[in-house]
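# Sequence plus the predicted model coming up.
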Amino acid sequence: MATTTHSPITRAYSSSSKIIVLEGNISAGKTYLSNKLGQSLDYKVFLEPTTTNPYLQQFYAEPKRYALDMQLWLLNQRYNTYLAALDYALNNDNSGVVLDRSMFSDWVFAENCRKEGLISPEGFKQYTAIRDSMLLNVPIPNITLYLNVSPSECLRRIQSIRKRTIPLTYLEGLDICYQEFLKEIKLKGSNVITFDWNQFGEVDDIVTEIKKDISSTSPSLLLSKNIIGNLVKNREDITSTYQTELSFMHKESLSSTSSSAAVVQDKNNA
C-alpha cells in the first residue's frame, strides 16, 4: 500500500522532465527496482556510483579515520551523477530518469556517522558546507520513492544475499535519519511516495503511482540549457573545493596520527 504526500511547493522543472529517485535503507531493493522501473517506463537508469569506492575497505578497517573521506567522495560522485541525469532529462523531453539514491539523501549517511561519532563536529561542518554549495540551485526530483523496510529485515537480506553483516544499530540509525530526510525533501517540493517493501511488492503498482504524478498538470518552472550550463560550471568549482578540502583533511589526519604516535613513544620511553 502506497502513501503519497504532495508538497505545495512547485517543482523546479517541467512536467515533461521526469526525475525519479529511489531511496531506502541498505538492501531495501532499490537497485533491482530501479532497473525494473527503467524497463517499464522506458526511462534511463542511473545507478549509485559506489562500485569503484576507493575508501570502502579502509572504512571497514578504520571507520572513524575514513568516514568523512568516504562520505565526501560519495557526495561528489552522487552530485556528478545527478547532474548527468538532469542533462539527460533536459535533452530527452519524452523520457525521464530513475536514480538509485541521490546527492540529496547522502546526508542520511553523513548524519548517521556524525551521531555515531565517526565524523567529528568539525568534519561534519566541512561536509555540510560542501553539500550546501552543491545543492544551490539544483532542482529537486519530481518523485522521491521510498522503500520502507525494517532495519531487521534489511539485516536479514544483507546476511543472506550479500553474505556479510552490518551492526543492526547502524541500520536503525539510518532508518531514523531517513525519516528526517523525507520530511526535508517533501518541504522542498518533491512528491514523496512510500511503499512497504518488507515483503517486496508489485512493480506495476509503483508504475501506476508514478504515472499519476507524471500526468499532473500542476504549474512548474522550465529547466533551460543555461541553468544546466551553470550547474556544470558550478560542478567544476565545487569539485575543486572538494579536492582541496580532502587534501587538507588527509594532511591533518596524518599530522594527528604522527602526533599521537609521538606521544605514545614518549610515554613508552618515560
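In hand now; what should we look at?

# mind listing the strands in the stretch 51-200 of the chain by residue range?
Remark: strands assigned in the stretch 51-200 of the chain by DSSP state E, counting those that start in this stretch are 96-100, 143-148, 191-196.

# Next, count neighbours for Lys183.
12 (other C-beta atoms under 10 Å). (Glycine included, C-beta is placed from N, CA and C.)

# same deal with the one 10 residues further on?
When neighbours are counted by other C-beta under 10 Å, Ile193 registers 20.

# contacting residues around stretch 102-112?
21, 23, 71, 74-75, 78-79, 81-82, 119, 124, 127, 131, 134-135, 138, 140-141, 144, 170, 173-174, 176-178, 180-181, 185 (C-beta atoms under 8 Å, 6 or more residues apart in numbering).

# again, only using 6 Å
21, 23, 71, 75, 78-79, 82, 127, 173-174, 177-178, 181, 185 (C-beta atoms under 6 Å, 6 or more residues apart in numbering).

# ok, of the residues you listed, which one's closest to Ile158?
The nearest member of the contacts of stretch 102-112 to Ile158, counting by C-beta to C-beta, is Leu174 at 12.1 Å.

# how much space between the closest one and Asp106?
12 Å (C-beta to C-beta, to the nearest Å).

# about what we covered before: tell me which of the strands of the stretch 51-200 of the chain lies nearest to Asp205.
strand 191-196 (7.7 Å).

# List the buried residues for the helix or strand following the closest one?
Counting by DSSP states H and E, the next helix or strand C-terminal to strand 191-196 is helix 203-214. The neighbour-count check on helix 203-214 (16 or more other C-beta atoms under 10 Å) flags Ile206, Glu209, Ile210, Asp213 as buried.

# need the contact list for Tyr170.
Contacts of Tyr170 (C-beta under 6 Å, 6+ apart): none.

# On the pLDDT front, check it for me.
At Tyr170, the predicted lDDT confidence score is 93.

# just Trp107 next, same as before
Reported pLDDT for Trp107: 97.

# ok, now Ile193?
Reported pLDDT for Ile193: 94.

# Pretty sure it sits against Thr208.
No: the pair Ile193 and Thr208 fails to qualify as a contact (C-beta atoms under 6 Å) at a distance of 10.7 Å.

# end-to-end on stretch 157-172?
15 Å (C-alpha to C-alpha, to the nearest Å).

# same check, this time on stretch 138-155
End-to-end span of stretch 138-155 (C-alpha to C-alpha): 33 Å.

# neighbouring contacts of stretch 149-158?
Taking C-beta under 6 Å, 6+ apart as the rule, stretch 149-158 contacts Asn25, Ile26, Ser27, Ala28, Ile166, Leu168, Leu171, Glu172, Asp175, Trp197, Asn198.

# What mean pLDDT does that stretch get?
Rounded mean pLDDT across stretch 149-158 is 97.

# chain center to that stretch: distance?
19 Å (C-alpha atoms, centre = their mean, to the nearest Å).

# Show me which positions of it end up buried.
Buried residues in stretch 149-158 (16+ other C-beta under 10 Å): Val149, Ser150, Pro151, Glu153, Cys154, Leu155, Ile158.

# Pull the contacting residues for the nearest residue to the third one once chain neighbours are set aside.
In other words, Pro151. Excluding its sequence neighbours, the residue lying closest to Pro151 (C-beta to C-beta, 6 or more residues apart in numbering) is Leu171, at 3.9 Å. The neighbourhood of Leu171, defined by C-beta under 6 Å, 6+ apart, consists of Asn25, Pro151, Cys154, Leu155.

# now with 7 Å?
Applying C-beta atoms under 7 Å, 6 or more residues apart in numbering to Leu171 gives the contacts Asn25, Ile26, Pro151, Cys154, Leu155.

# For this structure, which residues score under the pLDDT cut-off?
Within the chain, the segments meeting pLDDT under 70 span 1-17, 50-51, 214-270.
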